[in-house]
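1. model the following, please.
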Amino acid sequence: MYAVGTIVCSYYMWVEKGFIIGFGVTGCTILLAHILRNAVLYKDLGGFGVSIPFGGVSMIFFALVLAITRRLNLFWANRLVAADREQYFNVWNRILLDKRARDAISELHQIVQRVDSRTIFHEPRQYALAAGQQVHATEDNTENREVCGSSCHSSDQPIASSRRRRSSTVPFRFSRNGNTITDQGVELIPIASLDQLYSCAILCYPMLRSKVQEWALVSNGMFGAYRDDDFSSPFVRWVDAVADAHLRTRIKWADLKSSSRSIEKIARVYRMDVSRLLDVCRQAIIFESMGDLVRCLQAIEVDPDIHIVRLKNRFDPRMDARETAGFRNICLNVQLSNFDTIRLGLTNHVMEVQLLLSEFAEIRGAAGHQRYITYRDARAE
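-> Got it, this is the predicted structure:
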């Protein structure tokens, strides 16, 4: 009987709090059940020390081993990124000494507040049209209409826009089960298939690349570059690359998130909920100054094709940067609504755009990013 009680009592802790607490609670429950059995049935606890159940003790011991091992892993992971963290902190302190940078940070805070005030409060997820739902594309500007067959294969050219934007006055309405939502009269359901999510990301990838090119052009933005003996610069300024075909071949565009990392993140962080994975399709823009970064964010904010779903401001001085090993950036989750995404049913696909400062990007680099991956794995993120 007490075995049934053990399963029932420890289930919540196993599911919600992880293996360490699960093993510990299970072991303690077995021991408690054994004590109560002796007290009720035999009215004698004198022999309890001889008859302690091995299962309970072994589970408590295993929980302690797991806890100690995890602490050691976190200790060595923190040691691994300590030098990078120190460099990030030094860069951040230098930025805060610059008055223009401080003014830009204040302006950035105002933009974040405006975006937050327009963002519908719910956890961002990847949604797809429910069965039987259809959305018809309408083109307001038919003079420059491009179909996906031509625009998707030309990432250096901007894709025509329908200038359709989600109205901030029409709220999301949730169904009783908390999963299905209604957005502007269209019923949406969370995506449950990783294959479906990647199919949407592959189609959105060239469109997002065109968008970040537009934003980089008006904000003096840069992209990462392939480096070799002939090209030593870590970045390519997009305004220069527009006029130089060779420079465009040097740009290192962000790839889709690898399937192995996606599965890892879904299992570790999102409890097997595919719809919470928002960064399969992603790009990053790099800037030399905080002022340029703010100009880019302003361009994104007023872009009629873009709906900002979530904005993480890691340049907020109040943020505890120890959680990111000292690294700071702006991380946006956005949806793109133009003629092509409407026609293909992709307006609800969420993508990620990161805005970085060049000093942080240089420190991170390939080796620094690998160290961060080790740090992230130790934290089970």
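
2. quick one: the strands in the stretch 201-350 of the chain, in order.
-> Under the criterion DSSP state E, counting those that start in this stretch, strands of the stretch 201-350 of the chain are mapped to 222-224, 235-237, 282-287, 306-313, 330-336, 350-357.

3. show the average pLDDT along the first one.
-> Mean pLDDT, computed over strand 222-224, is 96.

4. what packs against it?
-> helix 194-219, strand 235-237, helix 238-241, strand 282-287 (3 or more CB pairs under 8 Å, 6 or more residues apart in numbering; DSSP states H and E). No exception for glycine: its C-beta is placed from N, CA and C like everyone else's.

5. same thing with the fourth one?
-> Using 3+ CB pairs under 8 Å, 6+ apart as the contact criterion, the neighbours of strand 306-313 among helices and strands are helix 99-118, helix 290-302, strand 330-336.

6. and for the fifth one?
-> Packed against strand 330-336, as judged by 3+ CB pairs under 8 Å, 6+ apart, are the following elements: helix 194-219, helix 290-302, strand 306-313, strand 350-357.

7. same check, this time on the second one
-> Taking 3+ CB pairs under 8 Å, 6+ apart as contact, the helices and strands that strand 235-237 lies on are strand 222-224, helix 245-250.

8. ok, which of these comes nearest A67?
-> Among the helices and strands packed on strand 235-237, the nearest to A67 by CB to CB is strand 222-224 (39.6 Å).

9. residues making contact with the closest one?
-> Identification of contacts with strand 222-224 by CB atoms under 8 Å, 6 or more residues apart in numbering yields 212, 216, 234-238, 241, 251-253, 284-288, 358, 361.

10. filter those residues down to the buried ones.
-> 212, 216, 234-238, 241, 251, 284-287, 361 (16 or more other CB atoms under 10 Å).

11. tell me which of the strands of the stretch 201-350 of the chain sits nearest to L80.
-> strand 350-357 (21.5 Å).

12. would you put the C-alpha positions of the closest one in PDB?
-> Coordinates of each C-alpha in strand 350-357 appear next as PDB, following Å, rounded to 0.1, in the frame of the first residue of the first chain:
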ATOM      1  CA  VAL A 350       7.600  33.500 -34.800                       C
ATOM      2  CA  MET A 351      11.300  34.300 -35.700                       C
ATOM      3  CA  GLU A 352      14.200  35.700 -33.700                       C
ATOM      4  CA  VAL A 353      16.300  38.800 -34.400                       C
ATOM      5  CA  GLN A 354      19.200  39.700 -32.200                       C
ATOM      6  CA  LEU A 355      20.800  43.100 -32.100                       C
ATOM      7  CA  LEU A 356      24.400  43.000 -30.800                       C
ATOM      8  CA  LEU A 357      27.300  45.400 -30.200                       C
END
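
13. measure stretch 342-351 end to end?
-> 15 Å (CA to CA, to the nearest Å).

14. give the burial count for L208, as a bare number.
-> Residues within reach of L208, counting by other CB atoms under 10 Å, total 22.

15. settle this for me: it is touching N338, isn't it.
-> No: L208 lies out of contact with N338 (CB atoms under 8 Å); the separation is 11.2 Å.

16. how far away is the nearest residue to A325 once chain neighbours are set aside from E362?
-> Computed as CB to CB, 6 or more residues apart in numbering, the closest residue to A325 that is not its neighbour in sequence is V81, at 4.3 Å. Distance, V81 to E362, using CB to CB, to the nearest Å: 16 Å.

17. so those two - more neighbours on which side?
-> V81 (21 against 15).
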